[in-house]
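>>> what's the 3D shape of this:
(2 chains)
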Amino acid sequence: MLRVNLPDGSVLEYSRRVRPSDVAADIGPRLAAATLAAEVDGKIVGTDAPLPESGEVSLRLLTKRDPEALDLLRHSCAHIMARAVMRLFDGVQLAFGPTVTDGFYYDFLLDRSISEADFPKIEAEMAKIVKQDEPFERIEEPHDRAIELCAGLGQALKVEHLREGLGQEEMVSFYRQGEFVDLCRGPHVPSAGAIGAFKLLSVAGAYWKGDASNQQLQRLYGTAWFTQKDLDEYLKRLEEAKRRDHRVLGKQLELFLIDPEVGSGLVLWLPKGATIRRELERFIYQELLKRGYQPVYTPVIGRVQLYETSGHYPYYADSQFPPIEMADGDRFLLRPMNCPHHIRIYQSKPRSYRDLPLRIAELGTVHRFEQSGELNGMTRVRGFTQDDAHIFCTEDQVAEEFRGCLDMTQFVLKTLGLEDYRVRLGFRDPASDKYVGRPEDWDRAEAALEQVCREVDLPELEIERGEAAFYGPKADFVASDCIGREWQLGTVQLDYNLPSPQRFNLEYIGTDNRPHQPVMIHRAPFGSLERFTGMLIEHFAGAFPLWLAPEQARVLVVSQKFEDYGRRVEQTLREAGLRVSGDYRPEKVGAKIRDAQLELIPYMLVIGQREAETETVSIRDRREGDLGAMPLAQAIEKLQAEVHNKTLRT
RNA sequence: GCUGCUGUAGCUCAGUCGGUAGAGCGCGUCCUUGGUAAGGACGAGGUCAUGGGUCCGAAUCCCAUCAGCAGCUCCA
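A predicted model of the protein is given here:
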């Protein structure tokens, strides 16, 4: 006897073996037709997955109203795409075909390359399959039979996966739909007809099992939805996201430039972008000073030997600009990070425990030769400036210093209204040999870091093995760009290795009058100014809060007759510390407003006869529209207050 | 670095079958002097990414290079 508990509290009892589809049918034919999958005791299964013969289960039938069903739909669509590809091309080997956010992909190995020109053909074949509406049938096979089956189908990659990835499994499942059979955990929607709308999006290379030393497969990306309307809305969302892309806005609003004559991945900050950066720098310096940091300046190159000591040079040889070799054989490296210079400042005199914690900060410009395929607007570049600092402290001070770094990073993000981020704890992968230092130091560092992070209120804290820096574990603040790619912004890293005798051999004299090894913390709340600014552009869609806006206000004269008063207003604002310009073109005020709106200028000060006579300005807020006239002095106070408070305009 | 795609005026883009280049916006000049999202007229502006090749003839076809886009790999 099986008791089935349904979400509405009702209970059905069965003395025979049933599947979710049977339960749905018992409830009603409409539900039976609409059911795409089921959730049994919290686990998503297909409608044909047998329920236990006895006992008690809770069952939820999933229809197109449930987001979980959409995921299944996409997975099923990946199978249909694979089926179409196998019909159209010879010798196709299947790799993996999972769902991703808003869609799915499938990796194929085949002789000829697939290009976007092939999409209509593939989509047409998929449409045929969807129209036929054949069911997805689950088949379970013992491991050895599965290998035979895949080998018989010529699916060598699947055989490899069965042997290596699924070597421990006794039984594995396949899904069959017509002539198409695929090793797959499932579940799937009952049949192909559930797919309301789909579209192939792109094709790209992808390495087998994600390893660049393996063969490259062809990955087809697509998306699928319950209805054409959902698909259209999704495509529209993609279009809209593109409009806030920092590369598009950076050009449109003249914020920055990447010029091939200068070099790819090298950012030229235009005056307006430079203004934003300067304000961010001012903000971060104020904050550093409040928090007991000591700013320094150091050069952008150093002797190669310095980076041999740190371990960076051997470790990252491929991703650095090659050393500059002098006639006398001396070699210099364009610095790929700032820590060695700061370490040498630490070592410039004997340090006592009384000096600690020592916090050395610098907006340090570094250069790294990133792979060409990685370069991306301002988010991945070859020259960038970190809001870097290195804290040298005693073991006892680590937790508090680390907490302070997390706090500063959170403060910075909050000030800018960046709430949508996650924190990644990057720990070492014990199986990898890329990490330096003693395992016991690593354990200590990871434990210390995790404990502090757990104490502090951090959103979406996750531990990721293998994400540590080679010298220590770290906490990264990660945010997504307009098309959903994740980027590391702020980072706080704990380092027991660079101070060690094998590296720089840092010391301080303790209360016991004996030398001890300090601990280092590397931290950068923004991360890089380039990447952070890029993300800010997208976050604000180019409409910056007043304190960051390159042009905070524009004086618009109704007619050129009022140019004199307009220029006086402009000058008064400028003297009050505001960034302002004036539009005295012989255009109608409507045209001037439109231009200012499109340039995302926060405030427009409209000036005509009335204002000139009464020493007032008519303020127009870019978002709110006309706010009416007010005395010039009052307008200035209003703007200054907004700047001072770093008000976020929502 | 790898796979696929793309590169035409300052910007966004069109350019058919290979026959010597077009629009809108912007820019300049002139007219208009106006009240909260586009006033009008005229004009200038292109080594069709770069270098080779095929062809009587190349923006168009082929190759290479450079750059960008999407993805993979990498990310101190």
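>>> only C-alpha atoms for contact and neighbour calcs from this point on.
Noted.
>>> Quick check: chain neighbours aside, which residue is closest to the residue most central in space within chain A?
For chain A, residue A:486 is the residue whose C-alpha lies nearest the centre (Cα atoms, centre = their mean; 1.3 Å). Leaving out its chain neighbours, the residue that sits closest to residue A:486 by Cα to Cα, 6 or more residues apart in numbering is residue A:480, at 4.2 Å.
>>> for residue A:6, same thing?
Residue nearest to residue A:6 in three dimensions, not counting chain neighbours: residue A:59, with 5.3 Å by Cα to Cα, 6+ apart.
>>> For the one helix or strand the one you found maps to, list every residue counted as buried.
For residue A:59, the host element (DSSP states H and E) is strand A:55-62. The neighbour-count check on strand A:55-62 (16 or more other Cα atoms under 10 Å) flags A:56, A:57, A:59, A:60, A:61, A:62 as buried.
>>> partners of that strand in the sheet?
Its sheet considered, strand A:55-62 pairs with strand A:2-5 (parallel), strand A:37-40 (antiparallel) by DSSP bridges.
>>> returning to that earlier point: what residues are up against the residue nearest to residue A:6?
Residue A:59 sits next to A:4, A:5, A:6, A:7, A:20, A:38, A:39, A:40, A:41 when contact means Cα atoms under 8 Å, 6 or more residues apart in numbering.
>>> so how far is residue A:491 from the second one?
This points to residue A:5. Distance, residue A:5 to residue A:491, using Cα to Cα, to the nearest Å: 47 Å.
>>> Between the two, tell me which one has more neighbours.
residue A:491 (23 against 18; other Cα atoms under 10 Å).
>>> Name the SS class of the more buried one, please.
Assigned state for residue A:491: strand (three-state reduction, DSSP: H, G, I helix; E, B strand; the rest coil).
>>> which stretches of the stretch 51-200 of chain A form helices?
For the stretch 51-200 of chain A, applying DSSP state H, counting those that start in this stretch gives helices covering A:67-88, A:119-132, A:143-152, A:156-164.
>>> Pipe those into JSON lines and attach distance to RNA strand B and mean pLDDT per row.
Formatted as JSON lines, those follow (distance: least, Cα to the nearest atom of the strand, whole Å; pLDDT from 0 to 100):
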{"stretch": "helix A:67-88", "distance to RNA strand B": "15", "mean pLDDT": "94"}
{"stretch": "helix A:119-132", "distance to RNA strand B": "10", "mean pLDDT": "94"}
{"stretch": "helix A:143-152", "distance to RNA strand B": "24", "mean pLDDT": "93"}
{"stretch": "helix A:156-164", "distance to RNA strand B": "16", "mean pLDDT": "94"}
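>>> Nearest to residue A:617 among those would be which one?
helix A:67-88 (52.3 Å; Cα to Cα).
>>> who does the closest one touch, helix- and strand-wise?
Judged by 3 or more Cα pairs under 8 Å, 6 or more residues apart in numbering; DSSP states H and E, the packing partners of helix A:67-88 are strand A:99-100, strand A:103-109, helix A:119-132, strand A:216-225.
>>> For those, give me a markdown table that also has mean neighbour count.
Formatted as a markdown table, the helices and strands packed on helix A:67-88 follow (neighbours: other Cα atoms under 10 Å):
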| stretch | mean neighbour count |
| --- | --- |
| strand A:99-100 | 18 |
| strand A:103-109 | 24 |
| helix A:119-132 | 17 |
| strand A:216-225 | 23 |
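>>> Surely residue A:415 touches residue A:646?
Yes. Between residue A:415 and residue A:646 there is a contact at 7.4 Å, judged by Cα atoms under 8 Å.
>>> what bridges to the closest residue to residue A:56 other than its chain neighbours?
Nearest residue to residue A:56 in three dimensions, chain neighbours excluded: residue A:3, at 4.5 Å (Cα to Cα, 6+ apart). For residue A:3, the beta-bridge partners under DSSP bridges are residue A:13, residue A:56.
>>> Return the distance of residue A:3 relative to residue A:25.
16 Å.
>>> So the two - more neighbours on which side?
Legend: neighbour count by other Cα under 10 Å for residue A:3 and residue A:25, higher for residue A:3 (18 against 15).
>>> Touching, the more buried one and residue A:13? I think so.
Yes. In terms of Cα under 8 Å, residue A:3 counts as a neighbour of residue A:13; the distance is 4.7 Å.
>>> Could you list the domains of chain A?
Structural domains assigned to chain A are A:2-63, A:68-242, A:256-480+A:495-539, A:553-644, following automatic domain parsing.
>>> I figured residue A:25 hits residue A:32, correct?
Yes. Counting by Cα under 8 Å, residue A:25 touches residue A:32, with 4.8 Å between them.
>>> Now do the shared contacts for the two.
What both residue A:25 and residue A:32 touch, as defined by Cα under 8 Å, 6+ apart, is an empty set.
>>> Now the buried members of the contacts of residue A:59.
A:4, A:5, A:6, A:20, A:38, A:39, A:40.
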